[in-house]
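Student: Sequence first, predicted model second:
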Amino acid sequence: METSPSALQWSTANCTVGRAMAVLGERWTFVVLREVFNGVRRFDDIRRHSGIPRQVLSNRLALLVEQDVLRKVPYRAEGERERHEYRLTQKGFDLYPVLVAVADWGDRYLADPEGPPVEVAHRECGEVLHAALVCEAGHHVTEPRDAVPRPAAGAKRID
């Protein structure tokens, strides 16, 4: 007798993964965030360095500003009109572990034979950083099968 997964008893209408992907799921979003995390903050610099088409970049930046992931900061080069650069908000900085996790995955499965082109190091000791799962009691979870989803306070049962 086949049993249905218990997840089917719960609504996904308020799923935070779905909501996050509505903001972050477009192909170029993490490329924009990579650039800003790496200190590339001006539109033309981001476009030139990443190869993102102008209109796509404009749309991504507008969405990330609207969602309070980035904020616009004005600057003016000598003799030119005022422009903006893009800075991370706290909400944006909170995405750094996600970016590191995506990079870890890419480094493991998609890097060139020579290895990844960039690594993120701990400023204090110089060792390479990796994303990790840690429960609220401080236990490091190394096996995905040791993690289990369960309904939380916002869960709504399907009737």
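Tutor: Now that the structure is in, tell me what you want to look at.
Student: hmm, who's touching stretch 44-57?
Tutor: By CB atoms under 8 Å, 6 or more residues apart in numbering, the residues outside stretch 44-57 that reach it are 28, 31, 32, 34, 35, 36, 40, 43, 60, 61, 86. C-beta: built from backbone N, CA, C; applies to glycine.
Student: Tell me which of those residues fall in strands.
Tutor: residue 86 (DSSP state E).
Student: among the contacts of stretch 44-57, which ones are buried?
Tutor: 31, 32, 34, 35, 36, 40, 60, 61, 86 (16 or more other CB atoms under 10 Å).
Student: Contact partners for the fourth one?
Tutor: So the one you mean is residue 35. 41, 45, 46, 49, 50.
Student: The same query, at a cut-off of 6 Å, please.
Tutor: By CB atoms under 6 Å, 6 or more residues apart in numbering, the contact set of residue 35 is 46, 50.
Student: ditto for the second one
Tutor: Applying CB under 6 Å, 6+ apart, one finds that residue 32 lies in contact with residue 60.
Student: one more time with 10 Å, if that's ok
Tutor: The contact partners of residue 32, taken as CB atoms under 10 Å, 6 or more residues apart in numbering, are 26, 40, 46-47, 50, 52, 56-57, 60-61, 63-64, 69-70, 86.
Student: between these, which is closest to residue 108?
Tutor: Distance to residue 108, by CB to CB, is smallest for residue 50 among these, at 22.5 Å.
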